[in-house]
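Enquirer: Predicted model and sequence follow; I will ask about them next.
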Amino acid sequence: MSIDETPATPPADAALPGTLPEGLRAELIAFRRDVHMHPELGNCEFRTTAAIKARLEQAGLEPRVLPTGTGLLCDIGPRDGVAPLLALRADIDGLPIPDTKTVPYRSTVADRAHACGHDVHTTVVLGAGLVLAELAREGRLARPVRLLFQPAEEVLPGGAADVIEAGVLDGVGRILALHCDPKVEVGKVGLRVGPITSACDRLEISLDGPGGHTARPHLTTDLVTAAAKVVTEVPALLARRVDARSGLAITWGRIEAGHACNVIPQHAELSGTVRCLDLPAWREAPDLVHAAVDEIATLHRAKSEINYIRGVPPVVNEASSAELLRDAMVARRGSYAVEDTEQSLGGEDFSWYLERVPGAMARLGVRRVGDTTRRDLHAGDFDVDEGAIAVGVELFTAAALLDRNVL
């Protein structure tokens, strides 16, 4: 059955083991708040790594710090060398922006914040691991599970590439993840088969010319005009060179040129992001962008230098893995708790795992019931309804118990 064909009123399966005990629920909220108060940037998540490691060891598990120096993996349950692992992945890094909320657990680190929900992702996978470890001790976990706490998701091209190189997917047959979504109400998840995020790359351009007096632009390269033409005409040119359905788009975030109103500058810089909904078009994007920038710059007699920084491909949810998440959520909370979700233009390095093994990402509802304020990720006032933590833990534990490894 597809996600679109969810039955109208299937009951939640209260008998499914792994329901979050009240004491653990309170502990996980406290853990999330502690991580939230101490955000660390990509590849510098030493305190966060130590906190996760200590709690897993307290539960009798044997977590291993990744070769990158931060992040961990931890295996739970029976290992017969045959059954592939189900991996549950969380990202653990924060963002270089100030926390503007007025709450007791506000960030204590200047210009650092967990404004993307990675503290919640981390807490959910930790909580799922603690519940699954107890089930494994009771002999009720039929297949092995790997917890993966990944550093540096916010650093292009993403920390996933480094940890994959370190072998974290060895023995893994399926991988699951979730991401906070402030548009989805707490208690629900958004699911989609196929692409759920877009590709995201970074683009940096330098333009140079001889400079001169603004009274005589015809004798030099009018570099400000050249930069303005690159800003406006390169996206327009690309729109006519790729299928419109691919969603290939450049959005500029910075343009810098000149120091005086009557001086044509010798140097200009532009930077922005290249996003794409379609995997084949993303693979062609660097060549297309280079050609378009060179064409416009040459037309205006500017010398161009392009630094195209590969980011991440789209996250493409594999059908049976998305269905597993759907079944797990229905079993826990009923069919009302699953809703369709659209493809986002945001980027996520979870996509690199899905280039290697089947898997899927769910969107975890974190919007407080009745809250009609429009909120977004990567904003200083971002926060969540902490009831989402229990929802995420129950989703992952149910998925681990329901997965029959039919891949």
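Expert: On my side now, so go ahead.
Enquirer: in a helix, that's where Ile164 is, yeah?
Expert: Yes - counting by DSSP: H, G, I helix; E, B strand; the rest coil, Ile164 is part of a helix.
Enquirer: SS state for the closest residue to it other than its chain neighbours?
Expert: Once flanking residues are discounted, Ile164 sits nearest to Trp352: 6.1 Å by C-beta to C-beta, 6 or more residues apart in numbering. All C-beta atoms are positioned from the backbone trio N, CA, C, and that covers glycine. Here Trp352 is recorded as helix under three-state DSSP.
Enquirer: can you pull out the helices in this protein?
Expert: Remark: helices assigned in the chain by DSSP state H are 22-37, 46-58, 118-137, 160-165, 223-239, 279-299, 319-333, 351-354, 387-402.
Enquirer: Nearest to Ile309, out of those?
Expert: helix 279-299 (9.6 Å; C-beta to C-beta).
Enquirer: Which strands or helices does the closest one pack on?
Expert: Helix 279-299 makes packing contacts with strand 199-208, helix 223-239, strand 267-276, strand 303-312 when contacts are defined by 3 or more C-beta pairs under 8 Å, 6 or more residues apart in numbering; DSSP states H and E.
Enquirer: closest one to Asp162 among these?
Expert: Closest among the helices and strands packed on helix 279-299, using C-beta to C-beta: strand 303-312, at 13.1 Å.
Enquirer: Ile175: what's it in contact with?
Expert: Contacts were defined as C-beta atoms under 8 Å, 6 or more residues apart in numbering; by that measure Ile175 touches Leu86, Ala87, Leu88, Arg89, Leu148, Leu169, Ser321, Tyr353, Leu354, Val357, Pro358, Gly359.
Enquirer: By neighbour count, which of the residues you listed wins?
Expert: When neighbours are taken as other C-beta atoms under 10 Å, the top entry among the contacts of Ile175 is Leu88 (30 neighbours).
Enquirer: still on that earlier bit, is it possible to get TSV of the helices of the chain that adds mean pLDDT and distance to Ala177?
Expert: TSV is the format used below for the helices of the chain (pLDDT from 0 to 100; distance: least, C-beta to C-beta, whole Å):
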stretch	mean pLDDT	distance to Ala177
helix 22-37	97	17
helix 46-58	98	16
helix 118-137	97	8
helix 160-165	95	10
helix 223-239	96	31
helix 279-299	95	18
helix 319-333	97	10
helix 351-354	96	8
helix 387-402	97	9
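Enquirer: Name the residues of stretch 312-330 that come out as buried.
Expert: Buried positions in stretch 312-330, judged by neighbour count with 16 or more other C-beta atoms under 10 Å: 312-318, 321-330.
Enquirer: distance between that stretch and the chain's centre?
Expert: 15 Å (C-alpha atoms, centre = their mean, to the nearest Å).
Enquirer: With only the CA atoms kept, save that stretch in CSV.
Expert: Extracted in CSV, the C-alpha atoms of stretch 312-330 (Å, rounded to 0.1, in the frame of the first residue of the first chain):
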residue,chain,number,x,y,z
VAL,A,312,24.9,17.2,-2.0
PRO,A,313,22.5,15.4,-4.3
PRO,A,314,18.8,15.2,-3.6
VAL,A,315,17.6,12.8,-0.8
VAL,A,316,15.7,10.2,-2.8
ASN,A,317,13.5,8.1,-0.5
GLU,A,318,13.4,4.4,-1.5
ALA,A,319,9.8,3.1,-1.7
SER,A,320,10.0,0.1,0.8
SER,A,321,11.9,2.2,3.3
ALA,A,322,9.3,5.0,3.2
GLU,A,323,6.6,2.4,3.5
LEU,A,324,8.4,1.0,6.6
LEU,A,325,8.3,4.4,8.2
ARG,A,326,4.7,4.8,7.3
ASP,A,327,3.8,1.4,8.8
ALA,A,328,5.7,2.2,12.0
MET,A,329,4.0,5.5,12.4
VAL,A,330,0.5,4.1,11.8
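Enquirer: can you count the residues close to Pro157?
Expert: Pro157: 19 neighbours (other C-beta under 10 Å).
Enquirer: That one and Leu364: what is the separation?
Expert: Noted for Pro157: a distance of 24 Å to Leu364, by C-beta to C-beta, to the nearest Å.
Enquirer: can I get the helices of the chain in a markdown table with distance to Val193?
Expert: Shown next, in a markdown table, are the helices of the chain (distance: least, C-beta to C-beta, whole Å):
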| stretch | distance to Val193 |
| --- | --- |
| helix 22-37 | 30 |
| helix 46-58 | 31 |
| helix 118-137 | 21 |
| helix 160-165 | 21 |
| helix 223-239 | 28 |
| helix 279-299 | 15 |
| helix 319-333 | 5 |
| helix 351-354 | 12 |
| helix 387-402 | 16 |
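Enquirer: nearest to Gly272, of those?
Expert: Ranking these by proximity to Gly272 (C-beta to C-beta) places helix 223-239 first, at 8.6 Å.
Enquirer: How about residues contacting that closest one?
Expert: Residues outside helix 223-239 that contact it (C-beta under 8 Å, 6+ apart): 205, 207-209, 211, 217, 248-250, 252, 255, 257-258, 264-268, 270, 288-289, 292-293, 295-297, 299-302, 304.
Enquirer: now do stretch 254-267
Expert: The contact list for stretch 254-267, computed with C-beta under 8 Å, 6+ apart, reads 206-215, 217, 220-224, 227, 231, 268-272.
Enquirer: If any of those are buried, put those into a ChimeraX selection.
Expert: Buried residues among the contacts of stretch 254-267 (16+ other C-beta under 10 Å), as a ChimeraX selection:
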select :207,208,209,212,220,221,222,223,224,227,231,268,270,271,272
